[in-house]
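1. need a structure here:
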Amino acid sequence: RIGNTPSGPWSDPHGPPWPHSCSQAPPVHEPIIDDLAAPAAAHRCPRAGVCGGCDWIHLPRTHERALRRATFADTWQRHGLPAVALDTLEIVEAGDDGLRDRTDLQLRARDGRVVFAMFAASGRGLVDVGACPALSGPLRDLLEVLRSDPPPLARASLRLRVAPDGSRGVWIDAANEDIRDLLDEGTWLLRALAADLHVEIGQRRKSVVVRDDGRPGLARTPALLPWFTTWLGDVAVPLFLPVGGFSQAGHRVNRLLTRQVAAAVAQVDAGAGLTWVELGAGAGNLTIAALGAGAGRVDVVENDPTALAGLEQTLEAAAGVAGGVGTPDRVRIHRISMHRAAPQLAELLAGAGAVLADPPRSGLGATVDTLLELESASSPTALVYVSCFADTLCADLARLCGAGWQVRTVTGVDQFPGSSHTEWIVVVARGDT
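-> Have a look, this model is predicted:
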């Protein structure tokens, strides 16, 4: 969903957007690739085929759509899932370009030159993204601001983000000594704050503040701000998180995703006001969508304390919008991991009518075991599974279907045009329901 790594250019495992933090990365001097292939000029991105950010951007959109469907079908059938379930497969999309309001880049300063780059498609070297067509206009503007006055660092990883109200944020992850030098130098950080940039630094995502002596320093805890929007029905609700926190890629595509998830929840709930268990809730993006779709109560399972703090603020904001009165009272928060077989998780699942899951790329893990161990009388009747990684999605579904669960609907959300990555929403029901 975000980031650019050698193993998955636009993917996001719900964790750090690069394979290693800069404080741990070896001082490798990757080559900067300047020789952009001439044939790429015919495509909508001059870096097509060279930059690893969008691995399908060289394809016509019609071919890309067909390939998206075919590759998913291949993964689906390779895991032994019923081909007939894909007869009604629908893939929805929000547009062709300019959909990303958040991106992750590599900063390198070398020989008097500063580049804001992604890894090359070959996995060797870096490619400056230029005026990347995947970025929204406001995000491209933020990138140009940083190009005109880059952080004085030789090597760093960056996350850039633009909020719905136009606020701009930068998360900088660099080696500890480089972060210390950046704070000691101070002048760039003060200029960034004066330009209304919100800057976060390090793996703990602490915000840069101005101390009493006028020097830049770091806040004690991450600042949770409305960097994103979720939806309670048709009403926008601010989503609170750090700049470096997890969210979907862009505002328009998230509106599309939450609408599809809400439709799946409404299909399962059917007006019954069921109790749902939500696995991997984060700051509440899909929690709010589920409540807007009629879920009676949501038991949230999340293990990240920063995400849970953001969720609490999101719920407070939801209570203040039209139709949101009482929203916080319909949510119970449980700080536990979905990846370990725990009695508390089993108890929650046994008391739930349905499950909404948006796990990381590693999938549901031990939760599948827990679901299969429950007696039919106490097992949830349905699962709405949201995933950006088809392999683990299909592997988990194959285990459930092998125990009698049945696929009801499959929907794709094309959040990343030009790339092979897709968000998938699958509804499966227990076989005796």
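
2. I'd say Leu126 and Phe116 touch.
-> No: applying CB atoms under 8 Å, one finds Leu126 not in contact with Phe116, separated by 9.5 Å. Placement of C-beta: from N, CA and C, glycine included.

3. mutual contacts of these two, please.
-> In terms of CB atoms under 8 Å, 6 or more residues apart in numbering, Leu126 and Phe116 are both contacted by the residues Gln106.

4. phi, psi of Leu160?
-> Recorded main-chain torsions at Leu160 are phi -110, psi 140, according to degrees, to the nearest 10.

5. count of residues packed around it?
-> Residue crowding around Leu160 was assessed by other CB atoms under 10 Å; the count is 24.

6. kindly report the same for Glu423.
-> Neighbours of Glu423 using other CB under 10 Å come to 26.

7. look up the closest residue to it, ignoring the ones flanking it.
-> Val413 (4.2 Å; CB to CB, 6 or more residues apart in numbering).

8. and the next element down the chain from the host helix or strand of that neighbour?
-> Val413 belongs to strand 406-414 when elements are defined using DSSP states H and E. The element immediately downstream of strand 406-414 (helix or strand, assigned by DSSP H and E) is strand 423-429.

9. if you count neighbours, what's buried in that next one?
-> Of all the residues in strand 423-429, those buried under the rule 16 or more other CB atoms under 10 Å are Glu423, Trp424, Ile425, Val426, Val427, Val428, Ala429.

10. hang on, the earlier thing: send me the strand holding Val413 as CSV with only the CA atoms.
-> Extracted C-alpha coordinates of strand 406-414, given in CSV (Å, rounded to 0.1, in the frame of the first residue of the first chain):
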residue,chain,number,x,y,z
GLN,A,406,-18.2,-20.9,1.5
VAL,A,407,-17.2,-17.9,-0.6
ARG,A,408,-20.0,-15.5,-1.1
THR,A,409,-18.5,-12.5,-2.9
VAL,A,410,-15.1,-11.3,-4.1
THR,A,411,-14.4,-7.7,-4.9
GLY,A,412,-11.2,-5.9,-5.9
VAL,A,413,-10.3,-2.3,-5.3
ASP,A,414,-7.7,-0.9,-7.7
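
11. and that strand, what does it pack onto?
-> Counting by 3 or more CB pairs under 8 Å, 6 or more residues apart in numbering; DSSP states H and E, the packing neighbours recorded for strand 406-414 are helix 61-78, strand 90-93, helix 251-269, strand 423-429.

12. CSV for those, including mean pLDDT and distance to Asp55?
-> Conversion of the helices and strands packed on strand 406-414 to CSV gives the following (pLDDT from 0 to 100; distance: least, CB to CB, whole Å):
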stretch, mean pLDDT, distance to Asp55
helix 61-78, 96, 10
strand 90-93, 95, 17
helix 251-269, 97, 18
strand 423-429, 97, 16
